[in-house]
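In: Here is my input, please return the structure:
(chains A and B)
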Amino acid sequence: MEWEVVIGLETHAQLQTKTKIFSGASTAFGAEPNTQACEVSIALPGVLPVLNKEAVHCAIKFGLAVDAEIAPRSVFARKNYFYPDLPKGYQISQYELPVVGKGAITIQVPAVGKNPAYEKVVNITRAHLEEDAGKSVHGAVEGMSGIDLNRAGTPLLEIVTEPDMRSAAEAVAYAKKLHELVQWIGICDGNMQEGSFRCDVNVSVRPKGSDKLGTRREIKNLNSFRFMQQAIEYETRWQIETLEDGGVIHQATVLFNPDTGETRAMRSKEEANDYRYFPDPDLLPLEITEADKAQVQLLMPELPSAMKTRFETQYGLTNYDAATLTASRDLADYFVATVNAGAEAKPAANWAMGAIAAKLNAEEKSLADSPVSAVQLASLLKRIADSTISNNAAKQVFEAMWNGEGEVDAIIEAKGLKQVSDTGAIEAIIDDVLAANQAMVEEFKAGKEKAFNALVGQAMKASRGKANPAQVNEILKAKLGA
Amino acid sequence: MALSTDDIKKIAHLARIEVSGDEAQATLAKLTGIMGLIEQMQAVDTQGIAPMSHSQDVVQRLRDDVVNKTNQREAFQQIAPVLGNGSAERAVDHGLYLVPKVIE
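Out: Numbers count the residues shown, from 1 in each chain, chains lettered A, B, ... in the order given. This next block holds a predicted model:
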């Protein structure tokens, strides 16, 4: 039987606020245990939550970015469960009336093998505000667990999708797109190691063509895209094999073990009503007016989709180039800065996506740490455009700039890479080459086209790569009467 | 909706409240009474009336995103629960609050 995998994601994005969602305690990462755990964070009796305006603005920004309905009125609810890192005995979340309603994100799924790249719309079910829990620390004291409540009360936006994805590649493409988007609009720092962006993935399988959903298992707390890919692939295989062996899938929460590459059931999923959600009487309904939305709209940067369209029309870039450049705000900004510094758009795009990206990738650096600035890249591209250097020589100059050997013109001078465009000089070189390679000339005249390229190669070699290749071609053609 | 003592025990467990057999019987009677009251209220026609989550018709006030809490760990840890080994020692260590070992 042919199977189809159905995937939905729940992502917790930690919001970039200075203080917690319901108190004025700092959210800075890495502080000494419990030094940022105020009376609200540790749930002393009698304390009351007061909602952080900036957290609400972050939620509105996200709603605007995914073209979602933003609820004029939403309600905070208590999600009741007992765990030591949750001293209140409930997490303040949103249940029936979330702040952000239905929206959509367009993703680009990369080509795999023979399957070409494609675009797909992933529907957002909802996004709601909630508080994070604290952290348990094991092993510090024998037989005890330590609790650090610095993280308790950190604002989160939980973003839930429809079960729209049909492969691990689609799920990862969505997660990457969302990861970039929340950073682009400045609501989350996207740091996955520090847990600022955590994904839970719901996976089920069903016979291809069926419109009924299978029983899902939820893979918890994936903190890298690579692990997400591996975990989904393993889980999908496991579910298909289980069903084909006549087994049954039980709803469960599973953990991914990066060492074995396997998923393992953690505990049977509690029924949703076991959390006994009810409206939190300590918090009044959150009202968001049209004026609030308009105010936040003014703070919004140009969104990737709008920027992509603009790159196509303003700079004449292809759909693919514009999509690649706007996949990251840093890259888009770098491209624009290069063009603004005087480079032509197409070569600026090619170099930013090609040589620069390859170098950064190899050295695991971000654009902010690039040794070649946008202005430096532009000065290099200008030297190609005015025929001072060839494309090949430009690669050498780029390497030298990357290694901190100086500015473009100084490197061209020092390495003697200046292109020879003096017709007389090139003619002299070609005359020598023709005289020394009579055999090739005869071959060419006998109809061997390849001999022409060989002669071009000889001429370039004789000029030590410095002759302008277009001129060499032209002059050689004239001399051979071709 | 008819409740059973099993429901009572389940609810008590979720709330981490210890309920003996007799108490479960007594609680069942009380809760059944409350459920009856709710059933009576549900008979009222509420068509066209927006559901209410709070008794007051006011909206949430928002706080500016400014740090105004200082570190009071020492004060809070002086009133933390005691270790429970007979001494008056607080269940704290290296700034952490201690709890019986949590095993996932």
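In: In the longest helix anywhere in chain B, which residues are buried?
Out: Counting by DSSP state H, the longest helix found in chain B is helix B:21-42. Applying a neighbour-count criterion of 16 or more other CB atoms under 10 Å in any protein chain shown, one finds B:24, B:27-28 buried in helix B:21-42. Heads up, the C-betas are built off the backbone N, CA and C, glycines and all.
In: got the phi/psi numbers for the residue of chain B found nearest chain A?
Out: Among all residues of chain B, B:L96 sits closest to chain A, at 3.2 Å; criterion: CB to the nearest CB. When quoted as degrees, to the nearest 10, the phi and psi of B:L96 stand at phi -90, psi 150.
In: hmm, back to that, export the buried residues of helix B:21-42 to TSV and append columns for distance to chain A.
Out: Formatted as TSV, those follow (distance: CB to the nearest CB, whole Å):
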residue	distance to chain A
B:A24	18
B:T27	16
B:L28	18
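In: Make a markdown table from those residues and add distance to A:L325 and pLDDT to it.
Out: Below are the buried residues of helix B:21-42 laid out as a markdown table (distance: CB to CB, whole Å; pLDDT from 0 to 100):
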| residue | distance to A:L325 | pLDDT |
| --- | --- | --- |
| B:A24 | 66 | 93 |
| B:T27 | 65 | 94 |
| B:L28 | 66 | 95 |
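In: Show me which of those residues is closest to A:I92.
Out: Closest approach to A:I92 among those (CB to CB): B:T27, at 27.7 Å.
In: Quick check, that closest one in contact with B:E18.
Out: No: if you go by CB atoms under 8 Å, B:T27 and B:E18 don't touch, sitting 11.8 Å apart.
In: Could you name every residue contacting both of those two?
Out: B:A12 (CB atoms under 8 Å, 6 or more residues apart in numbering or on different chains).
In: Summarise which helices and strands the helix or strand following the longest helix of chain B is packed against.
Out: Downstream of helix B:21-42, the first helix or strand assigned by DSSP states H and E is strand B:62-63. Judged by 3 or more CB pairs under 8 Å, 6 or more residues apart in numbering or on different chains; DSSP states H and E, the packing partners of strand B:62-63 are strand A:51-52, helix A:53-65.
In: Tell me the gap between the shortest one and the middle of its chain.
Out: Just to be clear, that refers to strand A:51-52. 29 Å (CA atoms, centre = their mean, to the nearest Å).
In: Quick check: mean pLDDT of that strand?
Out: Strand A:51-52 shows a mean pLDDT of 98.
In: what's the burial count for B:V82?
Out: Using other CB atoms under 10 Å in any protein chain shown, B:V82 has 11 other residues around it.
In: what's near enough to touch it?
Out: Contacts of B:V82 by CB under 8 Å, 6+ apart are B:88-91.
In: For B:L98, see how far away it is.
Out: Distance, B:V82 to B:L98, using CB to CB, to the nearest Å: 10 Å.
In: likewise A:K418?
Out: 72 Å.
In: Between these two, point out the one with more neighbours.
Out: Using other CB under 10 Å as the criterion, A:K418 and B:L98 rank with B:L98 on top: 23 against 16.
In: Can you check the pLDDT for the more buried one?
Out: 94.
In: my read is it is in a helix, agree?
Out: No: using DSSP: H, G, I helix; E, B strand; the rest coil, the assignment for B:L98 is strand, not a helix.
In: can I assume it is in contact with A:G146?
Out: Yes: using CB under 8 Å, B:L98 is in contact with A:G146, at 5.9 Å.
In: For whichever residue of chain A sits closest to chain B, list the residues it contacts.
Out: Scanning chain A for the residue nearest chain B gives A:G146, at 3.2 Å (criterion: CB to the nearest CB). By CB under 8 Å, 6+ apart, A:G146 lies in contact with A:33, A:136-138, A:140, B:93-94, B:96-98.
In: Helix or strand next in line after the helix or strand where A:A323 lies, which one?
Out: A:A323 belongs to helix A:319-325 when elements are defined using DSSP H and E. Using DSSP H and E, the helix or strand that follows helix A:319-325 in sequence is helix A:329-340.
In: Surely A:A378 is in a strand?
Out: No: going by three-state DSSP, the assignment for A:A378 is helix, not a strand.
In: What residues does chain B have near chain A?
Out: Taking CB under 8 Å from any CB of the partner chain as the contact definition, chain B meets chain A at B:14-16, B:53-54, B:56, B:58-69, B:71-73, B:76-77, B:91, B:93-102, B:104.
In: ok, of those, which come out buried?
Out: Neighbour-count burial (16+ other CB under 10 Å) applied to the residues of chain B next to chain A gives B:14, B:53, B:60, B:62-63, B:65, B:69, B:71, B:73, B:76-77, B:91, B:93, B:95-99.
In: For chain A, which element, helix or strand, carries the lowest mean pLDDT?
Out: Taking mean pLDDT, DSSP states H and E as the measure, chain A has strand A:262-268 as its least confident helix or strand, at a mean of 78.
In: quick revisit: now restrict the contacts of B:V82 to buried residues only.
Out: Here, 16+ other CB under 10 Å leaves B:A91 buried among these.
In: Where helices are concerned, which of the contacts of B:V82 count?
Out: Among these, no member falls in helices (DSSP H).
In: Alright, calling it a day.
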